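Novice: Here is the input, now give the coordinates:
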Amino acid sequence: MFEQVDEPATASRPSFARLVATAGLGGVPRGAIGGCVVLVVLALGVAGWRLGGAAASGEFSYVDSDVASVSEDSVPGPVAAAADEEPTPLWVHVAGAVRVPGLYELEPGARVGDALTVAGGTLDDAALDAVNLARLLADGEQVYVPSEEEVEAGVAQPGAAAAGAAPNAAPGGGAVDINTATAGELEALPGVGPATAAKIIAEREANGPFAAPEDLMRVAGIGEKKFEALRDLIVVR
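Specialist: Presented below is the predicted three-dimensional model:
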């Protein structure tokens, strides 16, 4: 009932000989051509292996062009300005028994000893025991160095106690009232640092005011020798 229709014949694949002839290699031995093909395949394989190893070892790097590096020059203006801002200097008036009294500019964190150095040092009759050379300076203060004669006479320079401490001075001179003096005023005394000043204040608060200057020896660390150095510079009211 049905007629069988023959399928159209498909073109046969080109033979190896035809490919060789098309490439113009008809005169080349077949074995040589096969060897060249093998070499090309091996070369492509080696190239692929090397490319894969380089990618795995990270030899190729990827740079995202959208990511911008940040340098110091790109820091916002206010932040950069704050980093470059210099600390405010101190202006201190140095007076008394120094070689060159006057107004001096000092770096922040300077101490009384630094102020005396810029003032040319002290005179031969300066009473350095009455000055706390280690005290930190404040802007706008006056550092006064008394002479030995002034200390013996108990006379304080008007408006400036020894190294800037005498708001609690006794009526007769520059002595410091150890019952009312602040820590800073106590530290202006020779040999009295922050730790000793704190002990003096703690002692009078815990056990009551000092009845006599000699009671200062109730404070741990203040013996007879240290008290003798302070006797003429303190008072109890």
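Novice: Excluding its own residues, what touches the top strand by length along the chain? List them.
Specialist: Ranked by residue count and defined by DSSP state E, the top strand of the chain is strand 90-96. Contact partners of strand 90-96, identified using CB atoms under 8 Å, 6 or more residues apart in numbering, comprise 101-108, 110, 115-116, 118-119, 126, 137-147, 157, 160. Quick note: C-beta positions are derived from backbone N, CA and C, even for glycine.
Novice: Can you tell me which of the residues you listed are classed as buried?
Specialist: Taking 16 or more other CB atoms under 10 Å as the criterion, what is buried in the contacts of strand 90-96 is 101, 104, 106, 110, 115-116, 118-119, 126, 137, 141-147, 157, 160.
Novice: which residues of this structure score low on pLDDT?
Specialist: 1-41, 45-85, 153-174 (pLDDT under 70).
Novice: Going along the chain, name the strands of it.
Specialist: Assigned by DSSP E, the strands in the chain fall at 90-96, 102-106, 142-145, 176-177, 234-235.
Novice: rewinding a little: and the angle from the longest strand of the chain to strand 102-106?
Specialist: Comparing the axes of strand 90-96 and strand 102-106 via axes from the mean of the first three to the mean of the last three CA atoms, to 10 degrees yields an angle of 140 degrees.
Novice: Extract the C-alpha set from strand 90-96 and format it as PDB.
Specialist: Taking Å, rounded to 0.1, in the frame of the first residue of the first chain, the C-alpha atoms of strand 90-96 are listed here in PDB:
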ATOM      1  CA  LEU A  90      52.000  78.700  77.800                       C
ATOM      2  CA  TRP A  91      52.800  82.300  78.700                       C
ATOM      3  CA  VAL A  92      54.400  82.600  82.200                       C
ATOM      4  CA  HIS A  93      55.800  85.600  84.100                       C
ATOM      5  CA  VAL A  94      59.000  84.700  85.800                       C
ATOM      6  CA  ALA A  95      60.100  87.100  88.600                       C
ATOM      7  CA  GLY A  96      62.100  87.300  91.800                       C
END
